[in-house]
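> Coordinates for the following, if possible.
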Amino acid sequence: DKLTWHFVAPKVHDFTWAADPEYIHDKLVAEDGTVLHFLYKDKKEIKENWKNLQPKTAELLKYFNEHIGPYPWDQYSVVQGGDGGMEYAMLTLITGERSFRSLVGVTAHEMAHAWFQHLLATNEGKHEWMDEGFTSYISTKAENVIFGENKENPHAGSYRGYMYLANSGKEQPQTTHADRYDMNALYGASAYSKGAVFLAQLGYIIGEENLAKTLNRYYDEWKFKHPTPNDFIRVAEKVSGAELDWYLMDWTQTTNKIDYAVDSVEKTEGDTKVKLRRIGPMPIPMDVKVTYADGSEELYYIPLEMMRWEKPAEKDGKRTVEKDWAWGFPTYEFSIPASKGEVSMVEIDGTHRLADVNQNNNSWKKEAKTAEKAE
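All right, here's what the predicted structure looks like:
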């Protein structure tokens, strides 16, 4: 009087199993044919959230399929259980008694692990940021879309986490083994926040279109092959044409920080001279937004010499490309012709995708003239 179940899981490196006589079991067939299973406790107060979660999970699957690569297995299960959220092959255990937004958020993150942990299968002990960071990056982007939030920088939370780490005085390189961090909070900020910023900032460096192509090609070339950090950055180099070994080294193998400043803006007879200064040891190419007195804006792009490459123009495509900035020089100057108008503001990285650890010196604004008192 017993049933025997045989489970077949091709190409997986771990698994879990869950059972509860009180589980409700719902199924939904996604657009790509994947069968989505939902198993949750028979509690009145959570049923509505778990029912509403199901179409959102299908939307998440579609987003990850398009922005990473096709999910290869026949099914995926979202199961109430565990102590927060934990990913396994074709299944996640999540605590289910939470708000709807939180329920979708944890599902998005754990489901994205199906690609970066179980499909690509990076060694999470040695390169924890390639799993947790990449997962945080893509799940945050997915949530921004499926909830229609339309945030200009959905990764602002990850940037805040990295800033805390960078300015704590306790940061350890991302090459630190996951079990060797001095504190758990340092591991979390390094793996999740700094790992997500690695990708978000790479979009600033090579352009968002090139980053999107990089993630797709990374999936195509390295699924089920256990890639290393160098394997990923080589894909980014092949897609973009830029030299990026410096970025991988400084960001992941050291605790070097990015800190640039607008040193001075001086108006002369013929033009306006802008002087920038590199304070931190880590180099970066530079987008500088110039605002004129009439309210118009212009982007000045300063390539990084060691990249041997220029980022394609983004958005409206209007910009002025200046000469390369060689890392060996701590300062850099460029001129704005007087014919373009009076300069009222100069700002490094107006999109805030650059993880500059001190943004108080990233802009210069012309002081307004004090009105003369009436006699």
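
> can we go C-alpha only for contacts and neighbour counts from here?
Will do.

> Buried by neighbour count: which residues of the helix or strand harbouring residue 62 qualify?
Using DSSP states H and E, residue 62 maps to helix 44-67. Neighbour-count burial for helix 44-67, with 16 or more other CA atoms under 10 Å as criterion, is recorded at 46-47, 49-50, 53-54, 56-65, 67.

> The nearest residue to residue 157 once chain neighbours are set aside - how many residues pack around it?
Leaving aside its sequence neighbours, residue 157 sits nearest to residue 193 (CA to CA, 6 or more residues apart in numbering; 7.8 Å). For residue 193, the count of nearby residues is 28 (other CA atoms under 10 Å).

> surely residue 193 meets residue 131?
No. The criterion here is CA atoms under 8 Å, and residue 193 misses it with residue 131 at 11.6 Å.

> buried ones in stretch 239-249?
239, 240, 241, 242, 243, 244, 247, 248, 249.

> can you map out the helices along the stretch 51-200 of the chain?
Counting by DSSP state H, counting those that start in this stretch, the stretch 51-200 of the chain has these helices, from start to end: 100-113, 128-146, 156-166, 184-188, 195-206.

> These: which one's closest to residue 342?
helix 195-206 (27.8 Å; CA to CA).

> Would you mark the buried spots in the helix or strand following that closest one?
For helix 195-206, the succeeding helix or strand toward the C-terminus, using DSSP H and E, is helix 208-222. Within helix 208-222, the residues scored as buried using 16+ other CA under 10 Å are 208, 210, 211, 212, 213, 214, 215, 216, 217, 218, 219, 222.

> Also stretch 117-125?
So for stretch 117-125, counting by 16+ other CA under 10 Å, buried means 117, 118, 119, 120, 121, 122.

> Repeat that for stretch 349-367.
349, 352, 353, 354, 355, 356, 357, 358, 359, 362, 363, 364.

> on that earlier part again, which ones are touching the residue nearest to residue 157?
Each residue near residue 193 by CA atoms under 8 Å, 6 or more residues apart in numbering is listed here: 133, 136, 157, 158, 159, 160, 161, 162.

> for the residues you listed, which one is nearest residue 77?
Out of those, the member with the shortest distance to residue 77 (by CA to CA) is residue 136, at 19.8 Å.

> Give me the subset of the buried residues of stretch 349-367 that lies in strands.
Among the buried residues of stretch 349-367, DSSP state E puts 363, 364 in strands.

> For residue 103, give its distance to residue 28.
17 Å (CA to CA, to the nearest Å).

> try residue 312
Taking CA to CA, one finds residue 312 at 42 Å from residue 28.

> now residue 307, nearest residue through space, not along the chain?
Nearest non-adjacent residue to residue 307 (CA to CA, 6+ apart): residue 243, at 4.6 Å.

> per-residue confidence at residue 369?
What the model reports for residue 369 is a pLDDT of 63.

> Sorry, wrong one. I was asking about residue 319.
For residue 319, pLDDT reads 93.

> How about the contacts made by residue 314?
Residues near residue 314 by CA under 8 Å, 6+ apart: residue 207.

> right, I mislabeled it, should have said residue 109
Contacts for residue 109 (CA under 8 Å, 6+ apart) come out as 135, 136, 139, 140.

> repeat that with 10 Å
Contact analysis of residue 109 by CA atoms under 10 Å, 6 or more residues apart in numbering lists 60, 85-87, 92, 132, 134-140, 142-143.

> Please apply the same query to residue 237.
By CA under 10 Å, 6+ apart, the neighbours of residue 237 are 206, 210, 214, 243, 244, 245, 307.
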